[in-house]
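K.L.:
Here is a sequence with its predicted model. Questions after.
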Amino acid sequence: MKKSISILVLLVLLSLGAFAQEFSLSAGGGIQFDLGIPIQDGVDGVGYQIGGFGFFDATYGELDVAFGYYGQTEYELGGLNLSFSLLGKYPFYVGPVTLSPLAGARLNLPLTASYNGNKVDDFNTMDNANIDILTGVGVDTLLGSSIYLRTQALLTFGFKQFGAPDELDTLQSIGPTIKVGIGYKF
């Protein structure tokens, strides 16, 4: 019994070292580019989005807000989009570089829509909103004592819009999300 407790205490103490890394807060912004390649039969054209994002980072998590223009190559569809992402991460420090595997989710809220250059008047944001699942890697490179370059490469799994409640779990597209920005550590 004493041996089991000793081993348990030793494992707990060793695992605490893994979480004894520096805790930091930072914020910043940059540009992002998304591609969504449809995977459903009968759906043509690649979706894309380009815009800016701002982020708040707390060592093991990141919250970001992005605003940009989205479009679809086949149908001349486009508009403005607002999105909110929450990513979990586990940083590995290698000199002035921090590598982080990333995983999380993003809520996309299309604010406007146009089709063939004409504004869609009866557009409903919530019916056209959707959730993406994100996974990938981030690299932060120190440029000074508090300023760093943030790059992220994510694989995005896009699901059906909320307007199709029976199909919310249907995977609609897969594609990359690339983010490049500047951050400041507090």
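P.N.:
That came through fine. Numbers count the residues shown, from 1 in each chain.
K.L.:
Stretch 40-55: end-to-end distance?
P.N.:
One end of stretch 40-55 sits 32 Å from the other (CA to CA, to the nearest Å).
K.L.:
With stretch 71-79 instead?
P.N.:
Note: stretch 71-79 ends 7 Å apart using CA to CA.
K.L.:
Show residues contacting it.
P.N.:
For stretch 71-79, the external contacting residues (CB atoms under 8 Å, 6 or more residues apart in numbering) are 44-49, 69-70, 110-117, 120, 123. Glycine gets a C-beta too; all of them are placed from N, C-alpha and C.
K.L.:
ok, which stretches of the chain are helices?
P.N.:
Secondary structure of the chain (DSSP state H): helices located at 2-18, 125-128.
K.L.:
I'd like the distance between Phe88 and Phe23.
P.N.:
Actually, residue 88 is Gly. It isn't Phe. 15 Å (CB to CB, to the nearest Å).
K.L.:
ok, the two, which is more surrounded?
P.N.:
Shown here are Gly88 and Phe23; by other CB atoms under 10 Å, Gly88 has more neighbours (13 against 9).
K.L.:
what about stretch 58-66, average pLDDT?
P.N.:
Mean pLDDT, computed over stretch 58-66, is 95.
K.L.:
now what about that stretch, what contacts it?
P.N.:
By CB under 8 Å, 6+ apart, stretch 58-66 touches 21-25, 32, 51-56, 81-91, 102, 104.
K.L.:
So which of the residues you listed belong to strands?
P.N.:
25, 32, 51-56, 81-89, 102, 104 (DSSP state E).
K.L.:
Show me which of these are buried.
P.N.:
Neighbour counting by 16 or more other CB atoms under 10 Å classes 32, 51, 53, 55, 81-83, 85, 87, 89, 102, 104 among these as buried.
K.L.:
Check what contacts stretch 111-124 and list those residues.
P.N.:
Taking CB under 8 Å, 6+ apart as the rule, stretch 111-124 contacts 75-82, 110, 125, 128, 163.
K.L.:
Residue ranges in the protein under the pLDDT threshold?
P.N.:
Residue ranges of the chain with pLDDT under 70: 1-21, 42-43, 164-169.
K.L.:
Quick one: residues contacting Asp44.
P.N.:
Asp44 neighbours (CB under 8 Å, 6+ apart): 38, 74.
K.L.:
Buried residues in stretch 125-145, which are they?
P.N.:
128-132, 134, 136, 138, 140.
K.L.:
Pick out the most distant pair among these.
P.N.:
Within the buried residues of stretch 125-145, two members stand farthest from each other by CB to CB: Asn128 and Asp140, at 33.5 Å.
K.L.:
closest to Ile178 among the buried ones among the ones in strands among the contacts of stretch 58-66?
P.N.:
Proximity of these to Ile178 (CB to CB) peaks at Gln32, which lies at 6.7 Å.
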